[in-house]
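> here are the coordinates; sequence isn't available:
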């Protein structure tokens with residue numbers, strides 16, 4: 001089993017364990033620290049979606065920092081089982097909902113809107129262009145997107161990159177809708 005630690009909030013320093021799986025790359029500590037510096041350390045009251053939950057690093061980190069609701073979507077059974085085990089390890093925080101499913105199907109059927117969506121899909125599979133048309137339907141007007149990708153992204157539909165960083169081969173972005 002692989003591991004990653006939560007870097008801030010209520011579950012700070014707790015270790016999450018997860019299996020090897022093709023395309024699974026947990027967001028490194030340094031990148032998560034940067035992301036939460038961009039967002040503000042506390043996510044009190046926010047509703048978050050971790051669409052390709054994988055290790056759960058982003059979703060559990062958001063819950064640790066006070067998010068009111070974190071929906072974690074994962075398709076791969078053994079990775080999903082690890083998410084449930086980590087949820088149990090953290091004494092089942094009620095803000096976390098873990099769902100088995102396909103990202104596109106989840107977005108197409110979701111009947112709620114989120115303040116913050118984490119997108120860290122497997123690379124070189126064309127996920128981001130396929131997800132983009134469905135994002136407006138699940139994102140609040142002032143909602144933000146966090147996207148990890150194999151290349152730099154200037155915009156994604158209605159959202160434009162307001163912060164960007166690079167760690168190794170990973171480009172990470174915070175995107176927001178531009179307002180007048």
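Okay, I see it. In this text the structure is predicted, and so the values were computed from the model without any measurement.
> Span of stretch 107-118 from start to end?
Start-to-end span of stretch 107-118 (C-alpha to C-alpha, to the nearest Å) is 13 Å.
> Tell me which residues are up against that stretch.
With contacts defined as C-beta atoms under 8 Å, 6 or more residues apart in numbering, stretch 107-118 is touched by 39, 43, 46-52, 58-59, 62, 67, 71, 131, 134-135, 137-140, 142-146. No exception for glycine: its C-beta is placed from N, CA and C like everyone else's.
> Show me which of the residues you listed are buried.
39, 43, 46-52, 58-59, 62, 67, 71, 131, 134-135, 138-139, 143-146 (16 or more other C-beta atoms under 10 Å).
> among these, which are in strands?
47-50, 71, 139, 143-146 (DSSP state E).
> residues of the lengthiest helix in the chain that come out buried?
Counting by DSSP state H, the longest helix found in the chain is helix 77-89. Neighbour-count burial for helix 77-89 flags 79-80, 82-83, 86-87 (criterion: 16+ other C-beta under 10 Å).
> can you list those in JSON lines and add pLDDT and distance to residue 120?
Converted to JSON lines, the buried residues of helix 77-89 look like this (pLDDT from 0 to 100; distance: C-beta to C-beta, whole Å):
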{"residue": "79", "pLDDT": "93", "distance to residue 120": "13"}
{"residue": "80", "pLDDT": "95", "distance to residue 120": "16"}
{"residue": "82", "pLDDT": "94", "distance to residue 120": "16"}
{"residue": "83", "pLDDT": "96", "distance to residue 120": "14"}
{"residue": "86", "pLDDT": "96", "distance to residue 120": "17"}
{"residue": "87", "pLDDT": "97", "distance to residue 120": "19"}
